[in-house]
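Peer 1: Show me the folded form of this:
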Amino acid sequence: MPTVMRIGGLRVVTTGEGFMARRDELEEATERGAARRKRGPTALAAQYDRRTGRVLVRLSTGLDLGFAPRDVQGLEKARPADLASIEISPSGLGLHFPSLDADLYLPALLEGFRGSKKWMAAWVDRGQGRGTHIEAKSRSSRASASAGRVRKSGSARR
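Peer 2: Residues are numbered from 1 along each chain as shown. Model (predicted):
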């Protein structure tokens, strides 16, 4: 027999011992989610624009985020019809694509993460990651390493 309880204003139904999180775990997760929503933008609206071939997300900051589905894990082989419906999680931190059963975490997208580490590495290796923060970090590291070197006398450029 399911048990119904309220946690942080949410109605939670438990199906049995071992299948659901404990009450304290749910309360902690609710608090973490509320803190995360306060720290950054949330999604207010999302749609696929067939004309540009991009997913567009309106953020609570008034800015819009746009990305090509082919550059995001889980959406890379999606057809326009698969992208017609996009659901925003109640927290505003998640995007769900029902036709693909794919979920994206908005804070990760905003940080430049478009998939798992393994998927991102393969994506960069395929040459699709040009201009990403990963490539920029690599260039920055190389520049920092060479900037600290002292030239030997006589080898300075003139």
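Peer 1: C-alpha from now on. contacts and neighbour counts both.
Peer 2: Noted.
Peer 1: for the strand or helix carrying Ala35, packing partners?
Peer 2: Using DSSP states H and E, the element containing Ala35 is helix 23-39. Using 3 or more Cα pairs under 8 Å, 6 or more residues apart in numbering; DSSP states H and E as the contact test, the elements touching helix 23-39 are strand 3-7.
Peer 1: go again using 10 Å as the cut-off
Peer 2: strand 3-7, strand 10-14, helix 106-110 (3 or more Cα pairs under 10 Å, 6 or more residues apart in numbering; DSSP states H and E).
Peer 1: Only the C-alpha atoms, please, for the helix or strand following that helix, written as CSV.
Peer 2: Per DSSP H and E, the first helix or strand lying C-terminal to helix 23-39 is strand 43-49. Extracted in CSV, the C-alpha atoms of strand 43-49 (Å, rounded to 0.1, in the frame of the first residue of the first chain):
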residue,chain,number,x,y,z
ALA,A,43,14.8,27.8,-18.3
LEU,A,44,11.5,29.7,-18.8
ALA,A,45,10.8,28.4,-22.4
ALA,A,46,12.4,26.0,-24.9
GLN,A,47,11.7,25.3,-28.6
TYR,A,48,13.4,23.9,-31.7
ASP,A,49,13.8,26.4,-34.5
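Peer 1: For strand 43-49, list every residue counted as buried.
Peer 2: For strand 43-49, the neighbour count (16 or more other Cα atoms under 10 Å) marks 43-48 as buried.
Peer 1: Perfect, that will be all.
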